[in-house]
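Trainee: coordinates only, sequence not included:
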């Protein structure tokens, strides 16, 4: 099923420009700009307290920006006709009313989205909650079940856009794999997914585009392939010092790692060419891959991680 914009206008599904949120003298989100495109999953990454949740709350009209704009489908969220028909959001699965049953929770979401009982049944089935589980009170749900219920609520309006904050929390490995498949299918139908996480490995298998944020500011963004390439190349050689000298002489950055290998900004082809010219043996040569991306992310955000203090308002 194709997921078109209201009115069929072309353009970006989520467009964030110079978005800022201040609380007194504290800046939770600091002048961020990025785009999440249709047909793709965008990973929104940052340590706890980096500003991800605050930014997402501004996207769906729950928090007012101090400055800048957050447009979804070309409009501010509150200006959309029946917003939950166009944008499905799950920002905090633990905030569901503990005294309501899962079905009652979804019934309310269906009314807001202009949907009916059949849509509730379909949403429950889509997220793998049985009829028996739907009749249980949410207070008796595990965190994984609450996440499934929250995702059902986000999907019930059949939206074009999903905004999901830490949706893998509480899911077991099978549940995480299921969620990845569901979101891949949603994007393949033309939908836009913005998915936040403080752990890179949760999204690196599904996201095509990545936005990394630390202390409220974007520290890196691009396609996953671009950032993986930026992760560099890992090399092993009996003469790492000699190979490192040859690489530096050619203008490449070099780092000797505790793992007994060398990381360089040179491509694998460039390393091989330089090693051959210098008559140096190379025993292993590979792109840094996901581990390189994760290491880059941790380096970029290490000084920006918030574990205490203002984390509550800036998550």
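Mentor: Received it, and whenever you're ready, just let me know what you need. Remember, predicted model here, so these are calculated numbers, not experimental data. Numbering: from 1, shown residues only.
Trainee: tell me which element residue 210 is part of?
Mentor: Applying DSSP states H and E as the criterion places residue 210 in strand 209-214.
Trainee: and that strand, what does it pack onto?
Mentor: strand 26-36, strand 41-45, strand 217-223, helix 224-230, helix 289-301 (3 or more Cβ pairs under 8 Å, 6 or more residues apart in numbering; DSSP states H and E). C-beta here means a position set from N, CA and C on the backbone, and glycine is covered the same way.
Trainee: now render the ones you listed as JSON lines, adding mean neighbour count.
Mentor: Below are the helices and strands packed on strand 209-214 laid out as JSON lines (neighbours: other Cβ atoms under 10 Å):
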{"stretch": "strand 26-36", "mean neighbour count": "20"}
{"stretch": "strand 41-45", "mean neighbour count": "27"}
{"stretch": "strand 217-223", "mean neighbour count": "18"}
{"stretch": "helix 224-230", "mean neighbour count": "16"}
{"stretch": "helix 289-301", "mean neighbour count": "17"}
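Trainee: return the member of the ones you listed having the minimum mean pLDDT.
Mentor: In terms of mean pLDDT, the lowest-scoring of the helices and strands packed on strand 209-214 is helix 289-301 (a mean of 66).
Trainee: if we can go back for a sec, nearest to residue 169, out of the helices and strands packed on strand 209-214?
Mentor: Smallest distance to residue 169 across those (Cβ to Cβ): 14.6 Å, for strand 41-45.
Trainee: and the next element down the chain from that closest one?
Mentor: According to DSSP H and E, the helix or strand after strand 41-45 is helix 52-59.
Trainee: and that next one with strand 41-45, angle?
Mentor: Going by axes from the mean of the first three to the mean of the last three Cα atoms, to 10 degrees, helix 52-59 is angled at 130 degrees with respect to strand 41-45.
Trainee: helix 52-59 versus strand 26-36: what angle between them?
Mentor: Calculated by the same axes, to 10 degrees, helix 52-59 forms an angle of 70 degrees with strand 26-36.
Trainee: how far away is the spatially closest residue to residue 277 that is not a sequence neighbour from residue 256?
Mentor: Residue nearest to residue 277 in three dimensions, not counting chain neighbours: residue 246, with 7.6 Å by Cβ to Cβ, 6 or more residues apart in numbering. Going from residue 246 to residue 256 by Cβ to Cβ, to the nearest Å gives 14 Å.
Trainee: I am finished for the moment; much appreciated.
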